[in-house]
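Visitor: sequence and predicted model, in that order:
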Amino acid sequence: MGSTNDVLPNGKLVELAGMEISDEEETTSSLTGYHAVDIGISDVGAVCLTWDNLIVTVCAAEKSGSSRSILEGSTGYAHPGRILAIMGPSGCGKSTLLDALAGRLASNAQQSGRILVNGRNQELAFGTSAYVTQDDRLMTTLTVREAVYYSAQLQLPDTMSKSDKWKRAEMVIKEMGLQSSMDTRIGNGGSRGLSGGQKRRVSICQEILTRPWLLFMDEPTSGLDSAASFHVMSRIALLARQSGRTIVVSVHQPSTDVFGLFDDLCLLAYGKTIYFGNAASASQFFSESGYACPVLKNPADHYLKTVNKDFEQGIEEASAVEAIRILVMSYYSSDYRQKVLKQAAELNKKDGKLKKGNRSGFLNQCVVLTKRSGMNMFRDIGYYRLRLAIFFTIALTLDALFYRIDNTFTSIADRVAVMLFVSGFLTFMSISGFPSFVEDIKIFERERLNGHYGVVAYVIGHTFSSMPFVALVTVIPAVTTYFVVGLHEGIVHFVFFTLNLYACMLIVESLMMVVASIVPNFILGIITGAGIQGLLMLTGGFFRLPDELPLPVWKFPLYYIASAKYTFQGFCKNEFIGLTFINKKEQFPPMITGELVLSYILEMEVGYSKWVDLIIVFGMVVIYKILFICIIKIKEKIVPMKRAMKRSKALKPIKS
Ligand SMILES: Nc1ncnc2c1ncn2[C@@H]1O[C@H](COP(=O)(O)OP(=O)(O)OP(=O)(O)O)[C@@H](O)[C@H]1O
């Protein structure tokens, strides 16, 4: 069986995955006798992670309030310079353990027990650790080179030159064996690009760029063949051993070679700890417990097969249940567990505040995010290109239906219809960009949690990158419609019409951003966003005139905060003020001015200029952006606070 010692014989110069590790970089731990880089916690950022009696439960059925146990009192540690592998059958709680350690448990999960980082109860989110999650949230329109290089620009400090960032990006791409796919787009279901295993490696590239001191990886080898798995894991092993990084990985089915790269092993079965300790000693533990690994069999396969009861029935299932029971009991009464407790206690003595890595500056992040987001919007057909084509087609249809409207009484209804359609329906259709935006938000959440950049930089990047595209989907329909339909003549009127339409688009975009921050699911988000839009349009003062709106709720405050009120009002003021309409039917007066149409027929507030309406709408855009930032910040503050409260409760002495 491969072991750490096979790979890194003490006192020898060894070659691992093409790179050298010298004996000077290794010392032997006084406690367990293994080879690890002895890192002085206070000098550098090395991270010792320990956890004690970690219990995680989730609400099984929210109404009944019953909960299900996912982790049942896990105790262990992750040591600088070593790889800890978490193994176990599917659904045994590997990801849950990683999430709990990384401070990322789902909101319906309850956690108790103690997690200490360098001997302290401190949070692990936002830049203090990196986490390669199981789902690869990548910008699918970018090539491998672009994705990793943008990541390098976002994460690596400004003191590093651009060429060095390029070199680092290329180096990690090569380390992950992606050099032949450098210029392939990542792709997704619609546009085929990289394979699942290649995407996995791009995710890893992005997280190891900065050489994080603590790295969590959920199934880093899923989708990879055994050779690729070995190469990927050996690079990660090298990262741990050469520079004292602490690495925790969950793995499903490692080959013998890959298993040989693990230093420590946490073997779980249905939430219970079967074994924790030196990976190489697991074989001995299984033998001592009566489940010896047959000769020439992959030990990882043997361990997993022994404790998997998912596919067994009757007597076989009972034997797996029995094996789990015996192994759990055997482990809890063994020296292996005593060693773990001792090692964890030793690691907890090393007191050190967690340091955030030195990252790229705010301005640089804004510029890089603007460029990256702009490129994504340009390449993603769903973001703006399809919308532009549809808006153009609709603009042509408006031309055909309202071609050169005249100045008669009947044109009043025509003009109102055009204004309503433009301010209502065209902007309503801006919701169609929401799915692309939700994908964007998911990437933001991953990168934000890993501390790549902050929410303000993201909002600035997204806003600036979208502005030219929004301008394009505004100007093209505006030019196509305005003159052919024959709306109010004059360049100033046209400019106002275009600016107001631009503001309409921006406000829907900003509103949808807020919706996405609360409902980050594109089907639920579209329903919610469309509902809010519909509500704001209905109360905007056209479908029911302002004086007819029920006073509570619909008039105060909805009518006054509905952007549709100001956009529609702005369009109508721009259109009607200064025009006179001629009557050709005898029962009506011979003419009526646009001002009278606004104040008596449409009951609009004509006491102030259309420019004020426009400024109010732009002000609302800013308010929505600030609201988005606040929601993200509040979520970021409240979730860790809740966890800290749960943890401090759990810090009460644990009964043995
Ligand atoms: N937030 C949650 N709410 C409800 N159930 C959950 C939650 N998180 C995890 N679980 C359940 O806990 C169990 C363990 O899940 P987890 O993802 O940790 O397993 P795993 O060992 O990583 O599985 P796999 O190897 O298949 O990824 C599963 O049955 C899962 O359905």
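Guide: Everything's here; your move. Since we're looking at a predicted model, the values are computed, not measured.
Visitor: just the helices from the stretch 101-250 of the chain, written as ranges.
Guide: Counting by DSSP state H, counting those that start in this stretch, the stretch 101-250 of the chain has helices at residues 144-155, 162-175, 196-208, 226-243.
Visitor: give me the residues contacting the second one.
Guide: The contact list for helix 162-175 (Cβ atoms under 8 Å, 6 or more residues apart in numbering) reads 144-145, 148-149, 151-153, 156, 160, 179, 182, 205, 208-209, 235. (C-beta placed from N, C-alpha, C; glycine too.)
Visitor: rewinding a little: the helices of the stretch 101-250 of the chain: which one's closest to the ligand?
Guide: helix 196-208 (13.6 Å; Cβ to the nearest ligand atom).
Visitor: report the buried residues of that closest one.
Guide: 197-208 (16 or more other Cβ atoms under 10 Å).
Visitor: out of those, which touch the ligand?
Guide: Taking Cβ under 6 Å from any ligand atom as the test, the ligand is in contact with none of these.
Visitor: among the contacts of helix 162-175, which ones are buried?
Guide: For the contacts of helix 162-175, a neighbour count by 16+ other Cβ under 10 Å gives the buried set as 144-145, 148-149, 151-153, 156, 182, 205, 208-209, 235.
Visitor: could I get those as a markdown table with distance to Pro299 and pLDDT?
Guide: A markdown table is the format used below for these (distance: Cβ to Cβ, whole Å; pLDDT from 0 to 100):
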| residue | distance to Pro299 | pLDDT |
| --- | --- | --- |
| Val144 | 34 | 97 |
| Arg145 | 38 | 97 |
| Val148 | 34 | 97 |
| Tyr149 | 40 | 97 |
| Ser151 | 36 | 96 |
| Ala152 | 38 | 96 |
| Gln153 | 42 | 96 |
| Leu156 | 39 | 93 |
| Met182 | 36 | 95 |
| Cys205 | 30 | 96 |
| Ile208 | 27 | 93 |
| Leu209 | 33 | 93 |
| Arg235 | 22 | 91 |
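Visitor: and the helix ranked longest in the chain, anywhere near the ligand?
Guide: Assignment by DSSP state H gives helix 610-650 as the longest helix of the chain. No: using Cβ under 6 Å from any ligand atom, we find that helix 610-650 stays clear of the ligand, coming within 13.6 Å at best.
Visitor: report the two of the buried ones among the contacts of helix 162-175 separated the most.
Guide: Within those, Gln153 and Arg235 form the most distant pair, 22.0 Å apart (Cβ to Cβ).
Visitor: from the contact counts, what lies against the longest helix of the chain?
Guide: When contacts are defined as 3 or more Cβ pairs under 8 Å, 6 or more residues apart in numbering; DSSP states H and E, helix 610-650 sits against strand 109-117, helix 455-485, helix 491-518, helix 563-576.
Visitor: how far off centre is the first one?
Guide: It stands for strand 109-117. Centroid separation for strand 109-117 versus its chain: 23 Å, with Cα atoms, centre = their mean, to the nearest Å.
Visitor: all numbers from here: first residue = 759
Guide: With the count now opening at 759, the last piece we talked about shows up as strand 867-875.
Visitor: the longest helix of the chain vs helix 1213-1243, what angle?
Guide: Orientation of helix 1368-1408 against helix 1213-1243 (axes from the mean of the first three to the mean of the last three Cα atoms, to 10 degrees) gives an angle of 150 degrees.
Visitor: quick one on the thing from earlier: which stretch among the helices and strands packed on helix 1368-1408 comes nearest the ligand?
Guide: The nearest among these, by Cβ to the nearest ligand atom, is strand 867-875 at 5.0 Å.
Visitor: can I get the closest one as CSV, trimmed to CA atoms?
Guide: This file holds the C-alpha atoms of strand 867-875, laid out as CSV (Å, rounded to 0.1, in the frame of the first residue of the first chain):
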residue,chain,number,x,y,z
ALA,A,867,-28.3,23.0,9.3
GLN,A,868,-27.6,23.2,13.0
GLN,A,869,-24.0,22.7,14.3
SER,A,870,-22.6,22.1,17.7
GLY,A,871,-19.2,21.2,18.9
ARG,A,872,-16.0,23.1,18.8
ILE,A,873,-13.9,24.2,15.8
LEU,A,874,-10.7,26.0,16.5
VAL,A,875,-8.4,27.7,14.0
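Visitor: one step back: could I get the buried ones among the contacts of helix 920-933 in CSV, plus columns for distance to Thr1155?
Guide: Putting the buried ones among the contacts of helix 920-933 into CSV (distance: Cβ to Cβ, whole Å) gives the following:
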residue, distance to Thr1155
Val902, 42
Arg903, 43
Val906, 45
Tyr907, 43
Ser909, 43
Ala910, 47
Gln911, 44
Leu914, 50
Met940, 45
Cys963, 47
Ile966, 52
Leu967, 49
Arg993, 57
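Visitor: wait, doesn't Val1242 sit right on Arg1162?
Guide: Yes: between Val1242 and Arg1162 there is a contact under Cβ atoms under 8 Å: 7.4 Å.
Visitor: out of those two, which sits in the busier spot?
Guide: Using other Cβ atoms under 10 Å as the criterion, Val1242 and Arg1162 rank with Val1242 on top: 16 against 9.
Visitor: next, Thr1155: phi, psi?
Guide: With angles defined as degrees, to the nearest 10, Thr1155 sits at phi -70, psi -40.
Visitor: per-residue pLDDT, it?
Guide: Among the per-residue scores, Thr1155 shows a pLDDT of 95.
Visitor: for it, give me its contacts.
Guide: By Cβ under 8 Å, 6+ apart, the contact list for Thr1155 is empty.
Visitor: from the ligand, how far out is it?
Guide: 48 Å (Cβ to the nearest ligand atom, to the nearest Å).
Visitor: how about Asp1172, nearest residue that isn't a chain neighbour?
Guide: Closest residue to Asp1172 apart from its sequence neighbours, by Cβ to Cβ, 6 or more residues apart in numbering: Ile1163 at 4.7 Å.
Visitor: can you count the residues close to the one you found?
Guide: By other Cβ under 10 Å, the residues close to Ile1163 number 18.
Visitor: could you pull up phi and psi at whatever residue of the stretch 859-1008 of the chain ends up closest to the ligand?
Guide: The ligand sits closest to Ala864 of the stretch 859-1008 of the chain, with a gap of 3.4 Å, by Cβ to the nearest ligand atom. Here is the backbone geometry of Ala864 (degrees, to the nearest 10): phi -60, psi 160.
Visitor: wait, it touches Thr815, no?
Guide: No: using Cβ under 8 Å, Ala864 is not in contact with Thr815; the gap is 11.6 Å.
Visitor: more neighbours, the two?
Guide: Shown here are Ala864 and Thr815; by other Cβ under 10 Å, Thr815 has more neighbours (18 against 10).
Visitor: who's in contact with that one?
Guide: 825-828, 867-868.
Visitor: please redo it, this time with the cut-off set to 10 Å
Guide: By Cβ atoms under 10 Å, 6 or more residues apart in numbering, the residues touching Thr815 are 824-830, 866-870, 1029.
Visitor: again, but for Tyr1324
Guide: Tyr1324 makes contact with 1181, 1258, 1261-1262, 1265, 1298-1299, 1318, 1363, 1368, 1370-1378 under the criterion Cβ under 10 Å, 6+ apart.
Visitor: quick one: it from Asp893, how far?
Guide: 41 Å (Cβ to Cβ, to the nearest Å).
Visitor: domain parsing for this structure?
Guide: By the assignment in automatic domain parsing, the chain contains the domains 762-887+970-1106, 1123-1399.
Visitor: low pLDDT regions in the stretch 1209-1358 of the chain?
Guide: Where the stretch 1209-1358 of the chain drops to pLDDT under 70, the residues are 1344-1345.
Visitor: go again using 50 as the cut-off
Guide: For the stretch 1209-1358 of the chain, applying pLDDT under 50 flags no range at all.
Visitor: show the pLDDT at Gln1011.
Guide: 85.
Visitor: need phi/psi at it.
Guide: phi -140, psi 70.
Visitor: need the contact list for it.
Guide: Applying Cβ under 10 Å, 6+ apart, the residues contacting Gln1011 are 845, 848, 977, 979-980, 984, 987, 1017, 1056, 1058-1059, 1062.
Visitor: among the residues you listed, which are in strands?
Guide: Met845 (DSSP state E).
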